[in-house]
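> test case, fold it:
(chains A and B)
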Amino acid sequence: MTDWLGPAEWTALWLSLKVAFWATLCSLPFGFAAAYALSRGQFWGRQALNILVHLPLVMPPVVTGYLLLLGFGRTGPLGEAFEALFGLVFAFRWTGAALAAAIMGFPLMVRAIRLSLDAIDPGLEEAASTLGASRLRVLRTVTLPLAWPGLLAGAVLGFAKGMGEFGATITFVSNIPGQTQTLALSIDTLLEVPGGEPLALRLALVSIAIAAVALIISEALASRARVRGRG
Amino acid sequence: MLQIDLRHSFPDFTLEAAFDVPAGITALFGPSGSGKTSIVRAVAGLLQCDDADVRLGARNIGRLRPHQRKIGYVFQDARLFPHMTVLQNLRYGGRMDEDQVIALLGLDDLLMRRPAGLSGGEAQRVALGRALMAGPDVMLLDEPLSALDGPRKADVMPYLEALRDQSAIPMIYVSHDMTEVARLAGRIVVLDRGRVVVQGAVEDVLADPVAVPYIGVQDAGAVLTGRVVGHADDGLTKVETGIGALWVPGVAGRAGGPLRIRIPAQDVILSRSKPDGLSALNVLPVTIAGLQEGRGPGVMVALEAGGARLLARVTRRSALSMGLAVGQNVHAILKATAIAPQDVSDR
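Purely as a prediction, here's the structure:
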């Protein structure tokens, strides 16, 4: 079974899982905050936020990767800040691949969470507040429990997107085996090596399987969210 | 005592209302769009008013956030939390008088159920209990029965009456149903286009012909308080009211406690002489205390006897041909069967 993929491919698969996992985990709170603001908030700049969140979905991934390089590269202002504050380096590291995956998956995640928030009757939150619940308690006891299927669906979609991210990742952190060579990058490399095609096909099958499972889970959770929101 | 003074500009109308709510139920009555729900939302803090002065005793709660106001709100739709059981819903705001509230509203058998499995009437009772268990200083009931059909309304009504009789806090009851108002409320505030047009004790306002245009000709009718004096074998009950003794159906078995009867003005017939050979059982000698002409073909006649008041609606033509005038003695005729059971209630 282990011969089915070579050690480099196993490494790529493992790296992809790691990258997608951290990308999802770290972007989830921000994804929820953005979805909550877009669904509930009435503030100046709401439309701007909406566009900003969705930009990675429509921009060429190369552009996103290039912008990341400018911002989070070794000499980029944000890259320097993160290194100084948290000792966190993104450039040409797996952390950079995770950042690229998080940014690219963000619009999908926010959309899924927002759909589930929109399905919750705001009247329930009002009722909770008249019962003495502060905003935070309403969020914790009413909004979040009712939105959790949407949160999970968003996480699954973000994870799947992270697993397959290519353009922004290769532009931002290059294609370094064992460090930034994820599943998609590995397939690309194999296609350029003579005789690499059978392995590339196997990796492609793995990606398809992961994407399909993610979609099925996400759909199931989303329909559950719709039912719960209606009460 | 709750004192309300609100001012708020909407794009299409201005709300400008000031009134007091003593302990007991005060009905907020008016056509849809008159600002009833806006007022209760403002009192609860769910609507940010341009100018809101809401005093509860010495405390001004008009600028507090909703969760700091200690106001129980029962919405038209019950708004139960779908992911919690009935018991979890009830305890969400607190556990004040838990056993009494559960007993008062008959919730014992529902506690472990989910809101999705409740009927409309059951859900509304749970919503009522949930608001009560938070230990509110004021209760706001925003058309709690209007989403229910007739039989379900009748199911919930006794619980509301029990709540009224056992609670000592100010309650605002929003409604456009005069039957509900006459049964439950002690006071009434009538709204029209965001302003208070009439307010006072229910007995006074409903017997005042001047208030009729705001209440609506169909809904006009005085409320009499009385006492059961005896039951006849044929199912009718004799009730002693200020204006005279009335034969009333549908209260068989009820002992001598106080009773409230709404007499729609439409159902009262006037006669100058004491009628003879008439099928109607209730013939009351009364004095005309006032006449009020509206825009339509009708005249509202205020009648008085023994300190109590009754309203009758007759056509302008009849009023002319009979020569009705203030101070005149006439007979008010009322069919016993015209008094609907839902218009007779305790107290």
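
> what does chain B have sitting close to chain A?
B:44-46, B:65-73, B:75, B:77, B:79-83, B:92-94, B:115-116, B:130-131, B:134 (C-beta under 8 Å from any C-beta of the partner chain). (Each C-beta comes from the backbone N, C-alpha and C, glycine too.)

> restricted to strands, list those residues.
Of the residues of chain B next to chain A, the ones assigned to strands by DSSP state E are B:Ile71, B:Gly72, B:Tyr73.

> out of the residues you listed, which one sits closest to A:Leu139?
Of all these, the one with the least separation from A:Leu139 (C-beta to C-beta) is B:Tyr73, at 19.4 Å.

> the closest one - nearest residue in space that isn't next to it in sequence?
Among residues not flanking B:Tyr73 along the chain, A:Thr130 sits closest, at 4.1 Å (C-beta to C-beta, 6 or more residues apart in numbering or on different chains).

> isn't the one you found right up against B:Gly72?
Yes: counting by C-beta atoms under 8 Å, A:Thr130 touches B:Gly72, with 7.1 Å between them.

> domain map for chain B?
Domain ranges of chain B: B:2-206, B:221-346, per automatic domain parsing.

> and those domains as CSV, adding distance to A:Met59, mean pLDDT and mean neighbour count?
Supplementary listing: the domains of chain B in CSV, determined by distance: least, C-beta to C-beta, whole Å; pLDDT from 0 to 100; neighbours: other C-beta atoms under 10 Å in any protein chain shown:
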stretch, distance to A:Met59, mean pLDDT, mean neighbour count
domain B:2-206, 38, 93, 19
domain B:221-346, 66, 88, 17
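
> which one of the ones you listed lies nearest to A:Ala119?
domain B:2-206 (11.3 Å).

> start and end of that closest one, how far apart?
End-to-end distance of domain B:2-206: 23 Å, with C-alpha to C-alpha, to the nearest Å as the criterion.

> same deal with stretch A:175-184?
By C-alpha to C-alpha, one end of stretch A:175-184 lies 10 Å from the other end.

> cool, and stretch B:123-143?
Terminal residues of stretch B:123-143 lie 14 Å apart, using C-alpha to C-alpha.

> out of the residues of chain B next to chain A, which sit inside helices?
Among these, the members found in helices (DSSP state H) are B:Ala44, B:Arg130, B:Ala131.

> what's the closest of the residues you listed to chain A?
Distance to chain A across those (C-beta to the nearest C-beta) is lowest for B:Ala44, with 5.5 Å.

> thought that closest one was touching B:Ile71?
Yes: applying C-beta under 8 Å, one finds B:Ala44 in contact with B:Ile71, separated by 5.1 Å.

> shared neighbours, those two?
A:Thr130, B:Leu140 (C-beta atoms under 8 Å, 6 or more residues apart in numbering or on different chains).

> ok, which stretches of the chain are helices?
The chain I'm using is chain A. For chain A, the helices defined by DSSP H cover A:7-40, A:46-58, A:61-72, A:77-86, A:94-118, A:122-130, A:135-138, A:144-164, A:167-173, A:183-192, A:197-230.

> my bad, the chain I had in mind was chain B
Under the criterion DSSP H, chain B carries helices at the ranges B:36-44, B:86-90, B:98-104, B:120-133, B:150-166, B:178-184, B:202-206, B:212-215, B:316-322.

> circling back: mean pLDDT lowest where, among the helices of chain A?
Ranked by mean pLDDT, the helices of chain A end with helix A:197-230 at the bottom, a mean of 82.

> what angle do that helix and helix A:94-118 make?
Put simply, helix A:197-230 runs at 30 degrees to helix A:94-118, going by axes from the mean of the first three to the mean of the last three C-alpha atoms, to 10 degrees.

> tell me the buried residues in helix A:197-230?
A:199-200, A:202-203, A:206-207, A:210, A:214, A:217-218, A:221-222, A:224-225, A:228-229 (16 or more other C-beta atoms under 10 Å in any protein chain shown).

> chain center to that helix: distance?
Relative to the centre of its chain, helix A:197-230 is centred 14 Å away, using C-alpha atoms, centre = their mean, to the nearest Å.
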